[in-house]
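> here is my input, please return the structure:
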Amino acid sequence: MKRLLQNISILIFSGAVLVSCSKKIELEPTNTVNGDKFFTTIDDYDFVLTGAYSRLKQNSLYSGVNGGSIFLSAVDVAADNFYTGGDNLGALNGMFRWNYTADNDGVKGAWDAAYKVIQQANLSVRGINRFRGESPEKVNRIEGQARALRAFMHLEILRWWAPDYDRNSASLGIPYVDAFDLEQMPARPTVKQTYDKMEADLKAAKAMLSNVDVPIQSVTSIAGTGRAYMDSLVVNAILARMYLYASQFDSAIKYSTYVINARPLATATEFPLIWQDATTREVIWSVNYQTIDAPLAREIYRPASAAANDEVSWIPVTALVNSYTGTDVRKPAYFVTRNGITVINKYFAKAGITRPDGIVNFKVFRTAEMYLIRAEALARKGGFDIAALADLNILRAARNAPTGSETGTALLTSIATERRKELFMEGHRFFDLKRTVRTVNRIQDCSSYCTLLPGNRAWALPIPQTEIIANPNMKQNPGY
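Predicted coordinates:
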């Protein structure tokens, strides 16, 4: 962590931060950053917060270059949603084979990228309270977003690096970095302690974001460019996901309901437009991409103007593709046949782009996930099958998919199946299998690396060796 912070200190104010054409923060080269010295107005904090959002598009985070997006594509590749395509040149093979090691560049890159977002969020609130007296609502808007973004990134790290997700687990959690300090060498708290910090940040962020100076989300005539920032609705969605992972079902139901009531599902007609960024219907929060950004899922499938020139590294398994009925609007929105091969259509191109470029916004949270969270939480509580089934059927009906009448174990299985179908390539499948203690079981085109049993070390990534060496307080995950 100390090594990472030293790298950040020089880079923290580079291009990602200075995205505004109207104003820049001029800095002399330095090895440390003192917010009190350099941040002379509250607007300076606003600019740095913009940089924290921009860092979400780093390599190994939500960008498909230099080894692949560990937090997006790798989550499906490491599970059972893909098999190797003809143009696979090695991207994400380590994740597919579960042979990641502590000195793996992809693992290191993902760890570094996630903590860089956290450190920039920390920098965007360092010393900000001295402005609270003159502009409390503006401070709330900046600090609330920074706290929410910090908590969200810690949840993302927890999903990959924690051995388990139990709310009261005494197993190793992940370092919760909530201050900008170049010299800190944090130890790994327990999973419970990690949740405690995350929950406190999110609750504080929710209170702050309920009292701000101006609306947070952008209002624009350009379709698909809104919902790019964290407001109180986004915090509710993060809390709902966190509580489901922690098996705190009452809280998962509570916060998912807040979102469901505020943001309806897309209609069958609107749904395909979500994946062309032609509407933000049911989108709660997205990482927005433009033509200057790296394609989001290029390590899975890189489209070209002529299908014969497509690069297909990973192909969705036939069983998944065939699980959608003929009327299900998700099938044509998620898949397309190009040059005789079924490939992902979900990140093909924005509306109006004649040449496919693979640049589409990453929808981090959608209302559909909230329905699935509430349905699962109700079903797993026991005694609420009718309400859980109602949520599941509302979602299935919205997608023109057959409804059902399942109860008990069959209902839980159907909810899990619907999560796989609805949230394909949105960063969930591997973690869904992990948190429900299931087995990865690959059956298509699989002669090796076909089964990952519960308890295997590969369910948690190793802490990068560089961090172990630099920080004597850092402990490695079991088995590495």
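> going forward, measure contacts and count neighbours with C-alpha atoms only.
Fine.
> what sits against the residue lying closest to residue 440 once chain neighbours are set aside?
In this structure, residue 440 finds its nearest non-sequential neighbour in residue 452, 4.9 Å apart by Cα to Cα, 6 or more residues apart in numbering. Residue 452 is in contact with 439, 440, 441, counting by Cα atoms under 8 Å, 6 or more residues apart in numbering.
> dump the residues you listed to JSON lines, plus distance to residue 243, neighbour count and pLDDT.
Putting those into JSON lines (distance: Cα to Cα, whole Å; neighbours: other Cα atoms under 10 Å; pLDDT from 0 to 100) gives the following:
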{"residue": "439", "distance to residue 243": "22", "neighbour count": "17", "pLDDT": "98"}
{"residue": "440", "distance to residue 243": "24", "neighbour count": "20", "pLDDT": "98"}
{"residue": "441", "distance to residue 243": "27", "neighbour count": "14", "pLDDT": "98"}
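> and which of those is nearest residue 59?
Residue 59 has its nearest neighbour among those in residue 440, at 26.6 Å by Cα to Cα.
> does residue 148 touch residue 201 like I think?
Yes: counting by Cα atoms under 8 Å, residue 148 touches residue 201, with 6.6 Å between them.
> and for residue 448, the neighbour number?
Using other Cα atoms under 10 Å, the number of residues around residue 448 comes to 8.
> quick one, phi psi at it?
The phi/psi pair for residue 448 (degrees, to the nearest 10) reads phi -150, psi 160.
> one more: the one 4 residues further on?
Comment: the main-chain dihedrals of residue 452 come out as phi -120, psi 110, following degrees, to the nearest 10.
> could you measure from residue 375 over to residue 369?
Per Cα to Cα, to the nearest Å, residue 375 is found 10 Å from residue 369.
> same drill for the two, tell me which one is more crowded.
Each of residue 375 and residue 369 has its neighbours counted (other Cα under 10 Å); residue 375 has more, 27 against 22.
> for the helix or strand containing the more buried one, which positions count as buried?
Assessed by DSSP states H and E, residue 375 sits inside helix 367-381. Across helix 367-381, burial judged by 16 or more other Cα atoms under 10 Å covers 367-380.
> what is whichever helix or strand comes after that helix packed up against?
Per DSSP H and E, the first helix or strand lying C-terminal to helix 367-381 is helix 385-398. Counting by 3 or more Cα pairs under 8 Å, 6 or more residues apart in numbering; DSSP states H and E, the packing neighbours recorded for helix 385-398 are helix 367-381, helix 408-422.
> mind listing residues that contact the last one?
Yep, that's helix 408-422 we're talking about. Applying Cα under 8 Å, 6+ apart, the external contacts of helix 408-422 come out as 320, 323-324, 330, 368-369, 372, 375-376, 379-380, 385, 389, 392, 406, 428-429.
> for that helix, which positions count as buried?
Quick answer for helix 408-422 (16+ other Cα under 10 Å): 411, 412, 414, 415, 416, 418, 419, 420, 421, 422.
> same question for stretch 43-61.
Neighbour-count burial for stretch 43-61, counted by 16+ other Cα under 10 Å, picks out 44-61.
> let me see the mean pLDDT of it.
What stretch 43-61 shows for mean pLDDT is 92.
> return the distance of it from the chain's centre.
With Cα atoms, centre = their mean, to the nearest Å as the basis, stretch 43-61 stands 15 Å off its chain's centre.
> now stretch 234-250
Distance of stretch 234-250 from its chain centroid, counting by Cα atoms, centre = their mean, is 14 Å.
> same deal with stretch 333-340?
For stretch 333-340 - counting by Cα atoms, centre = their mean - the centre lies 25 Å from the chain centre.
> what about it, start to end distance?
Taking Cα to Cα, stretch 333-340 runs 17 Å from one end to the other.
> just the buried residues of that stretch, please?
Across stretch 333-340, burial judged by 16+ other Cα under 10 Å covers 333, 334, 335, 336, 338.
> and the third one, bridged to which residues?
Spelled out, that is residue 335. When bridges are called by DSSP bridges, residue 335 pairs up with residue 344.
> and the longest helix seen in the chain, what does it pack against?
Taking DSSP state H as the criterion, the chain has its longest helix at helix 136-161. Packing contacts for helix 136-161, counted by 3+ Cα pairs under 8 Å, 6+ apart, involve helix 42-54, helix 105-123, helix 191-209, helix 232-245.
> so how many other residues sit close to residue 390?
Neighbour count of residue 390, defined by other Cα under 10 Å: 16.
> show the model's pLDDT score for it.
So residue 390 comes in at 98 (pLDDT).
> the residue nearest to it when sequence neighbours are not counted and residue 411, how far apart?
Closest residue to residue 390 apart from its sequence neighbours, by Cα to Cα, 6+ apart: residue 375 at 8.0 Å. With distances taken as Cα to Cα, residue 375 is found 9 Å from residue 411.
> can you pull the residues that touch both of those two?
With Cα under 8 Å, 6+ apart as the test, residue 375 and residue 411 both reach residue 389.
> can you tell me what sits against the helix holding residue 375?
For helix 367-381, contacts defined as Cα under 8 Å, 6+ apart pick out 237, 240-241, 244, 247, 249-250, 252-253, 256-257, 259-260, 263-265, 282-284, 384-385, 387-392, 395, 408, 411-412, 415, 418-419, 422-423.
> what subset of those is buried?
Among those, those classed as buried by 16+ other Cα under 10 Å are 237, 240-241, 244, 247, 249, 252-253, 256-257, 259-260, 263, 265, 282-284, 384-385, 388-392, 395, 411-412, 415, 418-419, 422-423.
> hmm, back to that, with residue 442 as the reference, measure out to the residue nearest to residue 440.
Look at residue 452 and residue 442: by Cα to Cα, they are 9 Å apart.
> same question, residue 449
Note on residue 449: its distance to residue 442, by Cα to Cα, is 8 Å.
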